[in-house]
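here is my input; please provide its structure:
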Amino acid sequence: MEKERKIGRSLAFIAVLFVAAAPAFSQRFTFLSDLEKTMADLGSPTSEGIFRHVYHQGSAKIPPLANPEGVQIGYLPASTFESFNSAYPNGDGDGALWQGRGLSGLTRAGIAATWDWGMVSFNPEWWFAQNQDFSRAGGATTGDYGPGLDRLQSYGTGYYQNFEWGQSEARLVFHGFTLGFGTENIKLGPAEIQNIILSDNAAGFPMLDIGTDGPIKTGLGALDARFFWGQTTLSSWYDSDPSTREFLWCGGALSYSPPFLDSMSFGFVRAFHSPWSTLDGWKVFEFFDDSFMKNFRKDVPLQSNGEDDIDQVLSLTWEWRVPETGSRAYVEWARNDHAGDIMDFLMQPDHSQGYVIGLQQRIAAGDIGQLLVSAEFSDLGNTIGSTIRPTGSWYRHSLVDNNGVDGGYTNDGQIFGSPMGPGSNAQEVNVYFLGNPWFVGIGMQRLLMDADYSYTTVHITNLSYNLYLTTTFRAGIRLADSVELSSAIAFVTNWNHNFVPGSVNNWHVEAGVKIGR
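Predicted coordinates:
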């Protein structure tokens, strides 16, 4: 009877989540090994850290090709992923890949050398997009429908392909500290899908980082710190003509877990964006500047409009794990604008804010497998206070060159923050069943795209927003110890696609193969 009660409570818990979240992007477990890693991670009492490698090569099992004097050299897991969109581009959180209308795909393969105190990996990526034509927003041919943002609607016209350094890096590790340089995709903060400051939504860019190699336990608690300096680049299709196409992106991420509750962590992320051409010693160490309030800035070069040429974003994070029950909850709250002073912050703390709230729950299903239920709620839209104090939307806000435009928080035409983009909000629920050796999953997602932009249009009504509703079915299987297959099919209904009245439906189909673990 007790077993039946537990199953009943689990099913009720799942039902409540589906009802609570109007079922846009899902937590993607493309391959079985990805889901297995997440299931195992939910049994860990401590976080893996605030600076997370999306494809962490150090944890890969490398089949040895040679082993000279303690150096292990071998192949990294190879994978290929293809997708098809019937009506318009759809697909995010996929690194360098841009999934246009028609057929798109990405192939990754590489080699690595590891030793006791470091590793070097060469793991390049090649991707392509059939890039069939579709109805674009705002009259743009390839670029974004709004100003100041290098978010491409398409990579040119017609077939496109590109070769990237991908998940390549060189890293040293010594007594709990690390120094690395590479182009790996990195996530900042605890979110799974809509990471506000840095995600895997765009191609990784050259970045140097230094800090702790995950949380370090001390008598005063567990500490985790990572500082980073990277170079982002505008795409060649950016419509504007800025004074520079390269930008410095730098900052730091800190987290702390108290000694009496090491399963809970509190984090702080602060990052800065500025033209690469204005790089100097002060900007390199900007994270340690105390000017959280604009009025406290000293000796800052100003533009003709009175603004400095650096844009700051920051976030506060919270994560709580309960490994005994396989539970994890997290929150990220962020701002993309300085407060003028402390009174300004106290009066309007929600000015230019964004947030992500998430939950993961692992549920045992007897001897047949396990369930994973996850939900994430996020919002980057302007608040009511923007009616009396205008502010640019997330990722469009920064005005950091003399032309008053910099392309926003993008790298090569894609936002490297939250995949849903500026002014948007999303609610996402996913349920996965992990068997042996296979999985199935269903995701239901709602995305309101760029409501901030909707408010600038002439004929805005309560029924003219750009709304996506998506239902996704996923499945994967391991055929042998190191061969995995994956598949997915999603149906997307989009009202007022690209802010044009009417509805457009899109079928999104995926297939993938992975060799190696």
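
Arg245 reaches Trp237, doesn't it?
No - the pair Arg245 / Trp237 is not scored as a contact, 11.6 Å apart, by C-beta atoms under 8 Å. C-beta: built from backbone N, CA, C; applies to glycine.

quick one: low-confidence ranges for the stretch 351-500 of the chain?
397-406, 458-459 (pLDDT under 70).

which stretches of it form helices?
Here the stretch 351-500 of the chain has its helices, by DSSP state H, counting those that start in this stretch, at 451-454.

now do the stretch 51-200 of the chain
For the stretch 51-200 of the chain, applying DSSP H, counting those that start in this stretch gives no helices.

my guess is Arg478 contacts Asp34, does it?
No - Arg478 is beyond contact range of Asp34, at 11.8 Å (criterion: C-beta under 8 Å).

so who does the closest residue to Gly176 other than its chain neighbours touch?
Spatial nearest neighbour of Gly176, excluding adjacent residues (C-beta to C-beta, 6 or more residues apart in numbering): Ile216 at 5.0 Å. Counting by C-beta atoms under 8 Å, 6 or more residues apart in numbering, Ile216 touches 176, 222-224.

select only the buried ones of those residues in ChimeraX?
Per 16 or more other C-beta atoms under 10 Å, the buried members of these correspond to this ChimeraX selection:
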select :222,223,224
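
least confident pick among the contacts of Ile216?
Ranked by pLDDT, those bottom out at Gly176, which has 88.

so how far is Ala222 from it?
Using C-beta to C-beta, to the nearest Å, one obtains 11 Å as the distance from Gly176 to Ala222.

and if you look at Phe268?
From Phe268 to Ala222 the distance is 15 Å (C-beta to C-beta).

what is the burial count for the closest residue to Pro89 other than its chain neighbours?
Once flanking residues are discounted, Pro89 sits nearest to Gly100: 4.6 Å by C-beta to C-beta, 6+ apart. For Gly100, the neighbour count with other C-beta atoms under 10 Å is 26.

contacting residues for Gly100?
For Gly100, the contact set (C-beta under 8 Å, 6+ apart) comprises 85, 89, 129-132, 154-155, 160.

next, give phi and psi for it.
Dihedral pair for Gly100: phi -80, psi -170, per degrees, to the nearest 10.

pLDDT value on it, please?
Gly100 is given a pLDDT of 92.

model confidence for Ala20, exactly?
If you check Ala20, the pLDDT there is 34.

let me fix that, I meant to ask about Ser255.
Ser255 carries a pLDDT score of 95 in this model.

could you shift the numbering so residue one becomes 8, and keep it that way?
I'll keep to 8 as the first residue from here, and by that count the last item is Ser262.

can you list the helices and strands that the helix or strand containing it packs against?
Element membership for Ser262, per DSSP states H and E: strand 253-264. For strand 253-264, the elements it packs on are strand 228-240, strand 271-282, helix 288-291, judged by 3 or more C-beta pairs under 8 Å, 6 or more residues apart in numbering; DSSP states H and E.

want to try JSON lines for these, with distance to Thr468 as columns?
Formatted as JSON lines, the helices and strands packed on strand 253-264 follow (distance: least, C-beta to C-beta, whole Å):
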{"stretch": "strand 228-240", "distance to Thr468": "37"}
{"stretch": "strand 271-282", "distance to Thr468": "35"}
{"stretch": "helix 288-291", "distance to Thr468": "45"}
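
for Gly399, which of these is the nearest?
For the helices and strands packed on strand 253-264, proximity to Gly399 was assessed by C-beta to C-beta; strand 271-282 is nearest, at 12.8 Å.

just the angle for the closest one relative to strand 228-240, thanks.
Calculated by axes from the mean of the first three to the mean of the last three C-alpha atoms, to 10 degrees, strand 271-282 forms an angle of 20 degrees with strand 228-240.

strand 271-282: how far from the chain's middle?
14 Å (C-alpha atoms, centre = their mean, to the nearest Å).

on that earlier part again, show me what the residue nearest to Gly183 is bridged to.
With DSSP bridges as the criterion, Ile223 is bridged to Leu230.

picking up where we left off before, farthest-separated two in the contacts of Ile223?
Gly183 and Ala229 (11.1 Å).

how close does the most centrally placed residue in the chain sit to Tyr460?
Closest to where the C-alpha atoms of the chain average out (C-alpha atoms, centre = their mean) is Ser206, at 2.4 Å. Distance, Ser206 to Tyr460, using C-beta to C-beta: 21 Å.

for Phe36, grab the count of nearby residues.
What Phe36 shows, counting by other C-beta under 10 Å, is a neighbour count of 25.

please apply the same query to the one 4 residues further on.
For Ser40, the tally of surrounding residues (other C-beta under 10 Å) stands at 18.

what's the helix or strand harbouring it in contact with?
For Ser40, the enclosing helix or strand under DSSP H and E is helix 39-48. Contacting residues not belonging to helix 39-48 are listed as 35-36, 55, 333, 367, 369, 377, 379, 439, 441, 444-446, 483-485, 491, 493, 521, 524 [C-beta under 8 Å, 6+ apart].
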